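# structure of the sequence below:
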Amino acid sequence: MFGRKKNRNDLKLNDLMAQLRPDLSRESLGVGPDFPGIAPNPLLSSDARKRNAELRTGVLALGVLVNWREVSSDGSPRVVLMFDVEAVGGISFRGIADEDLTITELTRLAPGQTLPVRYRPAVMDHYVALARDADPAHVQKLSDELASRKRT
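Residues are numbered from 1 along each chain as shown. Predicted structure coming up:
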């Protein structure tokens with residue numbers, strides 16, 4: 001009973017967000033209908049907090065920045081980053097990262113830029129997170145591995 005009501009409320013919330021911010025709709029972000037959507041305030045959403053904690057320990061992949069949308073500019077800017085993600089094993093998908101960036105980080109964003117990201121292979125819900133803690137040597141090894149796969 002509680003689960004059904006929550007699903008209806010989530011659906012209404014996603015519809016409301018799409019109406020308020022059409023640039024954050026599933027179609028605009030380039031994701032499918034199974035994408036749960038962008039939380040209006042991830043600090044108040046227990047699902048978003050849980051997801052972010054899981055993403056911090058997720059699997060490393062490389063994301064090519066496609067575009068970004070600013071969600072809010074209170075304090076440090078909150079942005080939704082869209083990536084074309086490539087991971088080991090031939091996995092590729094459109095990934096969405098909901099991040100708080102500094103002004104300096106925001107000004108350095110450029111489409112086509114490759115950044116390390118983390119994702120949850122067991123969930124595959126389009127959410128990714130910037131892998132700010134990734135070891136540069138590990139990122140280079142992953143990059144070389146993905147590049148060698150493309151050549152064969």
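
# make sure Arg149 is indeed in a helix.
Yes. Secondary structure assignment places Arg149 in a helix (DSSP: H, G, I helix; E, B strand; the rest coil).

# what's around the residue lying closest to it once chain neighbours are set aside, how many residues?
Leaving aside its chain neighbours, Arg149 sits nearest to Gly90 (7.4 Å; criterion: Cβ to Cβ, 6 or more residues apart in numbering). C-beta: built from backbone N, CA, C; applies to glycine. Per other Cβ atoms under 10 Å, the neighbour tally for Gly90 reads 8.

# which residues touch Ser72?
Residues near Ser72 by Cβ atoms under 8 Å, 6 or more residues apart in numbering: Arg78.

# how far does stretch 49-65 stretch from one end to the other?
For stretch 49-65, the first-to-last residue distance is 23 Å (Cα to Cα, to the nearest Å).

# buried residues, it. List them.
Arg51, Asn52, Glu54, Leu55, Gly58, Val59, Leu60, Ala61, Leu62, Gly63, Val64, Leu65 (16 or more other Cβ atoms under 10 Å).

# secondary structure class for the second one?
Reduced to three states with three-state DSSP, the structure at Asn52 is helix.

# how about the buried residues of stretch 49-65 in a markdown table, adding secondary structure, distance to Arg108 and pLDDT?
What follows is those, written out as a markdown table (DSSP: H, G, I helix; E, B strand; the rest coil; distance: Cβ to Cβ, whole Å; pLDDT from 0 to 100):
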| residue | secondary structure | distance to Arg108 | pLDDT |
| --- | --- | --- | --- |
| Arg51 | helix | 25 | 87 |
| Asn52 | helix | 22 | 86 |
| Glu54 | helix | 27 | 92 |
| Leu55 | helix | 22 | 91 |
| Gly58 | coil | 23 | 93 |
| Val59 | strand | 25 | 94 |
| Leu60 | strand | 21 | 96 |
| Ala61 | strand | 20 | 96 |
| Leu62 | strand | 17 | 96 |
| Gly63 | strand | 15 | 96 |
| Val64 | strand | 15 | 96 |
| Leu65 | strand | 11 | 96 |
